[in-house]
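Undergrad: coordinates only, sequence not included:
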């Protein structure tokens, strides 16, 4: 049996060819609730951080004769109850206020009105999505992750510092829940199973 | 290549969830209204007069002035507006519906099983449900419910016509999420309990160790109930 060449030299050779994913090679490219764009491209330039979401197969342990067997169960999407994005806060606060409007649309406490999607059903419909794209350093898109069934959970606070502030740029968090995600291979040789789409 | 994938339960569930008819309601969106049978034109004076009449014969002369009772159940505390209900109501425990099965057979059935027949609607036997009310300065439970219970126990539950009735209807509306731009807070269910009389109000404890919002439970009996789905709202 042929053993792969697991040496420092081969690591360096492959690192030069493949490079590594860097923490800035990632963009939130679309936030669309009910088929309408909640934030436009200019707003999304202010997105500071985002994460590629995780997918977990639940583990079940079965014991037999002193041996523990790990059996796969169903799937969970850890953090899907609140996918957190950070945004710079422009002076006009336009991004935050638009997100706040969406929060009020989701539930208007003043009148006790709960918002709904286009069909009158859940606001977290299949038409409410967030697109995340991974890039290489040439800014070629590699993979697109689409969070499906998004609905807003938290528009975070903006912490001003009036007395001791030094002009720091303000930012805030946004938490969005989703049901699951879909993957699309855009510029990669790796194929996403069509059954997932 | 033929599609070998089974139907997607995820797509199916999400499609149904996105349709108003199958979407999930919000359980905090409800309102309750108390409509005394002896009342006319929306005021409750008829009921208050009957309560006054019967509480005055109590040996302890238990009596709450009409001016106070008028404050407790009026257009202010219970506006006749869609979506708003009785201010004090905090929670309702709706009665359940069930019947008791009976198993009927003969002696020495061998391996044969007894037949199953229907028996009493056991939980409806008591025809009872509870509403919890907030305590306010002019207290609904002590100011109206307590004398109402005393008056009802003297008066009895004999049907003496609407004008002299000590009973009330209680209407509970449940609302749901917005259906469209013109239907922001649709009613999805209406429960109407007819011939209701309060039969007990829970005790309370006054103490020094902590402040708390007081909520008292009131038990009601009723003669019948109905459940409606508003046909104008629901297909």
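TA: Alright, I've got the coordinates. Just so it is clear, the model here is predicted, and its values are computed rather than measured.
Undergrad: give me the low-pLDDT residue ranges for the chain?
TA: I'll assume chain A. Scanning chain A with the threshold set as pLDDT under 70 gives A:1-2, A:4, A:188-197.
Undergrad: oops, I was thinking of chain B
TA: Ranges of chain B meeting pLDDT under 70: B:1-3, B:41-42, B:57-63, B:123, B:125, B:230-235.
Undergrad: make it 80
TA: Where chain B drops to pLDDT under 80, the residues are B:1-4, B:39-44, B:56-66, B:80-83, B:122-126, B:230-235.
Undergrad: residue boundaries of the strands in it?
TA: B:30-36, B:89-93, B:101-104, B:115-118, B:128-134, B:168-175, B:187-201, B:215-221, B:224-228 (DSSP state E).
Undergrad: Tabulate these (a markdown table), appending mean neighbour count and distance to chain A.
TA: Every residue, glycine included, has its C-beta placed from N, CA and C. Below are the strands of chain B laid out as a markdown table (neighbours: other CB atoms under 10 Å in any protein chain shown; distance: least, CB to the nearest CB, whole Å):
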| stretch | mean neighbour count | distance to chain A |
| --- | --- | --- |
| strand B:30-36 | 21 | 9 |
| strand B:89-93 | 15 | 14 |
| strand B:101-104 | 10 | 36 |
| strand B:115-118 | 10 | 37 |
| strand B:128-134 | 19 | 18 |
| strand B:168-175 | 20 | 7 |
| strand B:187-201 | 19 | 12 |
| strand B:215-221 | 19 | 20 |
| strand B:224-228 | 12 | 20 |
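Undergrad: Tell me which of those strands lies nearest to residue A:106.
TA: Among the strands of chain B, strand B:168-175 comes nearest to residue A:106, with 16.0 Å by CB to CB.
Undergrad: related to what we said a few turns ago, would you turn the strands of chain B into JSON lines with distance to residue A:126?
TA: Formatted as JSON lines, those follow (distance: least, CB to CB, whole Å):
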{"stretch": "strand B:30-36", "distance to residue A:126": "29"}
{"stretch": "strand B:89-93", "distance to residue A:126": "35"}
{"stretch": "strand B:101-104", "distance to residue A:126": "44"}
{"stretch": "strand B:115-118", "distance to residue A:126": "45"}
{"stretch": "strand B:128-134", "distance to residue A:126": "39"}
{"stretch": "strand B:168-175", "distance to residue A:126": "25"}
{"stretch": "strand B:187-201", "distance to residue A:126": "23"}
{"stretch": "strand B:215-221", "distance to residue A:126": "41"}
{"stretch": "strand B:224-228", "distance to residue A:126": "33"}
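Undergrad: nearest to residue B:208, of these?
TA: Closest among the strands of chain B, using CB to CB: strand B:215-221, at 19.4 Å.
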